[in-house]
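S.K.: take a look and give me a structure for this.
(4 chains, ligands or ions: 2)
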Amino acid sequence: MVYSSRLIEHFRNPRNAGMMRNPDATGEGEYDKCGDLARFYLRVRDGRVVDVRFQTYGCGPTIAVASAGSELATGRPLDDLLRLDRDEVEQAVDGLPEERKHAADVVADAIRAAARDYVRRRV
Amino acid sequence: MVYSSRLIEHFRNPRNAGMMRNPDATGEGEYDKCGDLARFYLRVRDGRVVDVRFQTYGCGPTIAVASAGSELATGRPLDDLLRLDRDEVEQAVDGLPEERKHAADVVADAIRAAARDYVRRRV
Amino acid sequence: MTRRVYLDHNASTPVHPEVIEAMLPYFGERFGNPSSIHGFGREAREGLETARERIANFLGVAKDEIVFTSGGTESDNLGVRGVAIEHHAVLRTCETLGGQGFAVTYVPVDEYGTVDPDDVRRAIRPDTILITIMHANSEVGTIEPVEEIGRVAREHGVPFHVDAVQTFGKIPIDVNASGINLLSFSSHKIYGPKGVAGLYIRKGTRMAAIQHGGEHERRRRAGTENVAGIAGFGKAVEIRERDMAAEAIRVTALRDRLSEGIGARVPDVRVNGHPTRRLPGTASLCFRHVESESIVLGLDLKGIGVSAGSACTSGNVEPSYVLVAMGVPLDWAMGAVRCSLGRGTLAEDIDYVIDSVEPLVRKLRAVSPVGTA
Amino acid sequence: MTRRVYLDHNASTPVHPEVIEAMLPYFGERFGNPSSIHGFGREAREGLETARERIANFLGVAKDEIVFTSGGTESDNLGVRGVAIEHHAVLRTCETLGGQGFAVTYVPVDEYGTVDPDDVRRAIRPDTILITIMHANSEVGTIEPVEEIGRVAREHGVPFHVDAVQTFGKIPIDVNASGINLLSFSSHKIYGPKGVAGLYIRKGTRMAAIQHGGEHERRRRAGTENVAGIAGFGKAVEIRERDMAAEAIRVTALRDRLSEGIGARVPDVRVNGHPTRRLPGTASLCFRHVESESIVLGLDLKGIGVSAGSACTSGNVEPSYVLVAMGVPLDWAMGAVRCSLGRGTLAEDIDYVIDSVEPLVRKLRAVSPVGTA
Ligand SMILES: Cc1ncc(COP(=O)(O)O)c(C=O)c1O
Ligand SMILES: Cc1ncc(COP(=O)(O)O)c(C=O)c1O
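M.R.: Ligands and ions are numbered 1, 2, ... in the order given. Have a look, this model is predicted:
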């Protein structure tokens, strides 16, 4: 399994890792077969995501993909994140090996779920 | 297959190879399964073998074993050769590899057959 | 360059420089095909037979009881399937076999991964044709009581196969005392080259070949022999014979230094396998609530090579079946890491690994939603 | 020291110095297990995949259609038995198979050892599951019309296996034009190391693994890969790609110099195999009324390595089945000798061999009771 240098960099220095106190929204993504789990926390101002935190558990690259996903989510309009594509997440780490594609799914799922949670709380 | 240096020496320089004109006796040994064939010619004086010639056809060492056999037969009382043991022949080349043991049989058979031929001619 | 520490000797080992030296002539002048009867062939055959003799002596068996194969996997296939096929053939001749399947009975292990010989005894059926066991499991390193199991096999007249790929050249093996009929052993786990291994076949053990072609290896394994590899294997065994005892002691001490060091500095760690009846260099550790591969990857970035206990291949996680069989809970088993030490391992390597593991596991746990929520 | 001339390249070849160079790093620093995910493993995997790519390019096929094995024999076993077992499994699933035997139909050869594609066509039955042929026979070197046979196979939708162990890297092979599904090819016949070979498996060819264990080689061949050997194999192919055309011309000329030279000086000699459609370096000669092995032994004493056409093993002579199939009379076939030339062969070697053969055959005939009596 060969990972991109961008992925490795995120693994080494994950951005936005950890919990958030009193978040405006939280969401989880999960991949049963692997036990992979990602949880995202969002802070939202004027329909825009101003701060992101995440926690992950899973095989190697999940943490790196989550870090890249958190950067990608920061500053984006919430509407965007409701439709966030897993491919965009994968691109953010310059691709994933075949057996680890699910890391992007788990992270994209978690971010979309957090965005949905924000909408739900508002309604 | 590893042959003794004594065998190799006989192969290089076979003694007493070839036909004999008007021999006192001839005999053949054969190993069907291999097509091996040895023919011995004897010259006998006063019950003693004074000259030997042989011809052989067969896998590698037969010619060497025949050469050693011809030396071993020269000068021996004919009675001896009637009971010539295949092991004595094998010893004369310092042993044979398992798959080539039959070379000693073929040569011993041929020498015994020649000795018998002498007796038969006399009777 | 960053420091590099290899703690994955159970996966493979670097080839010993003397072993490379021993191989080179067989790539060069002594390149002949050992089946050829001319001088070029005889020189190659000599290399083959010298190695066979050396290994036979090491095991205390006869030369013609050793068959060379292409690897531990082939040795296992030949040992187990060779007996099954032969038996099958015999049965078919007797026309007593209806189908062609073989039933396999698995015997459990205890919390240390040890098999109970009495369980083996109970599992034997009148139609049992083979008992097979790993001498030591490659992951946790627990050494099985092969002598006792061999006694059970002998009592019941059942052939006994032992996979000694992880133990050969590391701890003593007595095929006679253990009543072993078939023993798989390999080269690339003991500083020999990859692509060569052996199977000991006790005289009289009835078995079929599984690779067909020429009449190599006394018709028990067709195919031109890997002469250079086998010559290297022979040299590797010679070196192990010399170094084995001292290395076992040295490496056991380092292994304990490693697990104790990590245990002292990282919370929620457990050491798997038998506390004493264990391969000298093997330390299997479980980090609770951390995923194996993320540790492997994190250590890899520090130049450290260890192996993940749970393998996540083709999108399915597989927690080590050994750990599961030993009753290790899933939240521990998912965080299993195997460190396997070898002749190149130094005390400072161990300390570097301990220093690297601590912050890594702390970091991974800090971002983990599991166990903390 | 006496001069040494090796004319047994069809049996095995010396490893090319560049190939040894290419292997050394994989014994040394790049020693990891290619299945390991850490850096040590990735470095090894890189060597593996580079070789795979090189060989795939050489054959003009996809990388994942190449499986590495331990030798030509294993490639043949995997190719032929893999298809048979798979087919068997399918049939069994369909519950249409009563017994479990496979019937084999042999197709004849003509006086040159060539198979007639029409004979293959006639031999095909509705239940034929595989056609297999040697691209060139190792003894007489006749090259078979694989394109035409491949066409027949395709017409009938039967998978086609070609044993190219003697042709790979010596003459061009086009697996697509020849409609080949499976191609066996080996390293130690082309100046690579022993113990490594390959099988090309066309995408979509249904087949089972025959060696079971780990998930190596995309589950088609279990067992840790012989990385250094494979890296060397890749380099050997690279070198052949470069040298093949020129070497074929050079070696064909030397081969003809040899058979013509011997033919001119020794009576009762024949050259076997096809006059033109023949492996560049192969000259199979029959010396009437002389026994093969005595020639091999005699030349061996002159430092010359050639191979006996008829093999006398375990006390039973076996005149080459190829020559017998070609209709060569027994009194000729028993005196068959194969000379196979290679990249180290020089014109002066050939002349030395001719000079050595003449007196030897004369001497052997002189003491022979056969043909003279
Ligand atoms: C106990 C055991 N048996 C067999 C094997 C298979 O060896 P190889 O992959 O070299 O064929 C291994 C490899 O790790 C092993 O540990
Ligand atoms: C045509 C052919 N196929 C297969 C083989 C078997 O190769 P190996 O003995 O290297 O396994 C040979 C070896 O001479 C051969 O000539």
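
S.K.: surely A:Tyr57 touches A:Leu37?
M.R.: Yes. Using C-beta atoms under 8 Å, A:Tyr57 makes contact with A:Leu37 at a distance of 4.8 Å. C-beta coordinates here come from the backbone N, C-alpha and C atoms, glycine included.

S.K.: what about A:Phe40, how many neighbours?
M.R.: Around A:Phe40 there are 33 other residues, counting by other C-beta atoms under 10 Å in any protein chain shown.

S.K.: what's the answer for C:Arg221, then?
M.R.: As a burial measure, C:Arg221 scores 25 neighbours (other C-beta under 10 Å).

S.K.: name whatever forms a beta bridge with the closest residue to it other than its chain neighbours.
M.R.: What sits nearest to C:Arg221 in space, not counting adjacent residues and going by C-beta to C-beta, 6 or more residues apart in numbering or on different chains, is C:Val67, at 5.2 Å. For C:Val67, the beta-bridge partners are C:Leu199 (DSSP bridges).

S.K.: ok, C:Val67 touching C:Arg220?
M.R.: Yes. With contact defined as C-beta under 8 Å, C:Val67 counts as touching C:Arg220 (4.9 Å).

S.K.: okay, these two: which has more neighbours?
M.R.: More crowded of C:Val67 and C:Arg220, by other C-beta under 10 Å: C:Val67, with 25 against 20.

S.K.: if I look at the more buried one, how far off is C:Leu199?
M.R.: Distance of C:Val67 to C:Leu199, computed by C-beta to C-beta, to the nearest Å: 5 Å.

S.K.: overlap in contacts of these two?
M.R.: C:Leu78 (C-beta atoms under 8 Å, 6 or more residues apart in numbering or on different chains).

S.K.: what segments of the chain are strands?
M.R.: Since you didn't name a chain, this refers to chain A. Ranges of strands within chain A are A:25-31, A:36-45, A:48-57, based on DSSP state E.

S.K.: not quite, I wanted chain C
M.R.: Under DSSP E, chain C gives strands at C:5-6, C:66-69, C:131-134, C:160-163, C:182-186, C:197-201, C:269-272, C:282-287, C:304-305, C:307-308, C:311-313, C:316-318, C:336-340.

S.K.: among those, which is nearest D:Asp300?
M.R.: For these, the distance to D:Asp300 is smallest for strand C:66-69, at 25.3 Å, taking C-beta to C-beta.

S.K.: hmm, that closest one touching ligand 2?
M.R.: No. Residues of strand C:66-69 contacting ligand 2 under C-beta under 6 Å from any ligand atom: none, with a closest distance of 12.6 Å.

S.K.: averaged pLDDT, that strand. What do you get?
M.R.: Average pLDDT, strand C:66-69: 98.

S.K.: which phi and psi does the residue lying closest to C:Val322 once chain neighbours are set aside have?
M.R.: Of all residues not flanking C:Val322 in the chain, C:Glu139 sits nearest, at 5.1 Å (C-beta to C-beta, 6+ apart). Phi and psi for C:Glu139, reported as degrees, to the nearest 10, are phi -90, psi -50.

S.K.: ok, C:Glu139 touching C:Val324?
M.R.: No. Contact status for C:Glu139 versus C:Val324: not in contact, 11.3 Å apart, counting by C-beta under 8 Å.

S.K.: between these two, tell me which one has more neighbours.
M.R.: More crowded of C:Glu139 and C:Val324, by other C-beta under 10 Å: C:Glu139, with 22 against 14.

S.K.: return the residues in contact with the more buried one.
M.R.: C:Asn10, C:Asn272, C:Thr282, C:Ser284, C:Gly309, C:Ser320, C:Val322, C:Leu323, C:Ala336, C:Arg338.

S.K.: bridged to the last one, which residues?
M.R.: On the basis of DSSP bridges, C:Arg338 takes part in beta bridges with C:Ser284, C:Ser307.

S.K.: please name the residues that touch it.
M.R.: C:Arg338 neighbours (C-beta under 8 Å, 6+ apart): C:Asp8, C:Asn10, C:Glu139, C:Val140, C:Thr282, C:Ala283, C:Ser284, C:Leu285, C:Val306, C:Ser307, C:Ala308, C:Gly309.

S.K.: quick one, which of the residues you listed has the minimum pLDDT?
M.R.: C:Gly309 (76).

S.K.: what's the local residue count around it?
M.R.: 29.

S.K.: can you lay out the contacts of C:Arg338 as TSV showing distance to ligand 2?
M.R.: Output for the contacts of C:Arg338, formatted as TSV (distance: C-beta to the nearest ligand atom, whole Å):
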residue	distance to ligand 2
C:Asp8	31
C:Asn10	30
C:Glu139	33
C:Val140	37
C:Thr282	35
C:Ala283	40
C:Ser284	38
C:Leu285	43
C:Val306	37
C:Ser307	32
C:Ala308	35
C:Gly309	37
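
S.K.: which members of those are classed as buried?
M.R.: C:Asp8, C:Asn10, C:Glu139, C:Val140, C:Thr282, C:Ala283, C:Ser284, C:Leu285, C:Val306, C:Ser307, C:Ala308, C:Gly309 (16 or more other C-beta atoms under 10 Å in any protein chain shown).

S.K.: which ones are touching C:Arg257?
M.R.: Going by C-beta under 8 Å, 6+ apart, C:Arg257 touches C:Ala347, C:Ile350.

S.K.: if you could redo that for C:Arg362, that was the one I meant.
M.R.: The neighbours of C:Arg362, taking C-beta under 8 Å, 6+ apart as the test, are C:Val266.

S.K.: look at it and report its pLDDT.
M.R.: At C:Arg362, the model reports a pLDDT of 94.

S.K.: distance of it from chain B?
M.R.: C:Arg362 sits 66 Å away from chain B, going by C-beta to the nearest C-beta, to the nearest Å.

S.K.: what of C:Asp349?
M.R.: Distance, C:Asp349 to chain B, using C-beta to the nearest C-beta: 48 Å.

S.K.: count of residues packed around that residue?
M.R.: When counting by other C-beta under 10 Å, one arrives at 19 neighbours for C:Asp349.

S.K.: what is the neighbour count of the closest residue to it other than its chain neighbours?
M.R.: Closest residue to C:Asp349 apart from its sequence neighbours, by C-beta to C-beta, 6+ apart: C:Val5 at 4.4 Å. The number of residues packed near C:Val5 is 24, by other C-beta under 10 Å.

S.K.: quick one on the thing from earlier: would you turn the strands of chain A into JSON lines with mean pLDDT?
M.R.: Conversion of those to JSON lines gives the following (pLDDT from 0 to 100):
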{"stretch": "strand A:25-31", "mean pLDDT": "94"}
{"stretch": "strand A:36-45", "mean pLDDT": "95"}
{"stretch": "strand A:48-57", "mean pLDDT": "95"}
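
S.K.: mind listing what's buried in stretch C:141-153?
M.R.: C:Gly141, C:Thr142, C:Ile143, C:Glu144, C:Pro145, C:Val146, C:Glu148, C:Ile149, C:Gly150, C:Arg151, C:Val152, C:Ala153.

S.K.: ok, now which ones touch A:Leu37?
M.R.: Contacts for A:Leu37 (C-beta under 8 Å, 6+ apart) come out as A:Glu28, A:Gly29, A:Glu30, A:Tyr31, A:Thr56, A:Tyr57, A:Gly58, A:Val106, C:Pro369, C:Val370.

S.K.: measure it to D:Gly234 for me?
M.R.: Plainly put, A:Leu37 is 42 Å away from D:Gly234 if you go by C-beta to C-beta.

S.K.: could I get the strands of chain C as a markdown table with distance to D:Thr167?
M.R.: Formatted as a markdown table, these follow (distance: least, C-beta to C-beta, whole Å):
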| stretch | distance to D:Thr167 |
| --- | --- |
| strand C:5-6 | 41 |
| strand C:66-69 | 27 |
| strand C:131-134 | 41 |
| strand C:160-163 | 38 |
| strand C:182-186 | 33 |
| strand C:197-201 | 30 |
| strand C:269-272 | 52 |
| strand C:282-287 | 47 |
| strand C:304-305 | 41 |
| strand C:307-308 | 41 |
| strand C:311-313 | 37 |
| strand C:316-318 | 42 |
| strand C:336-340 | 43 |
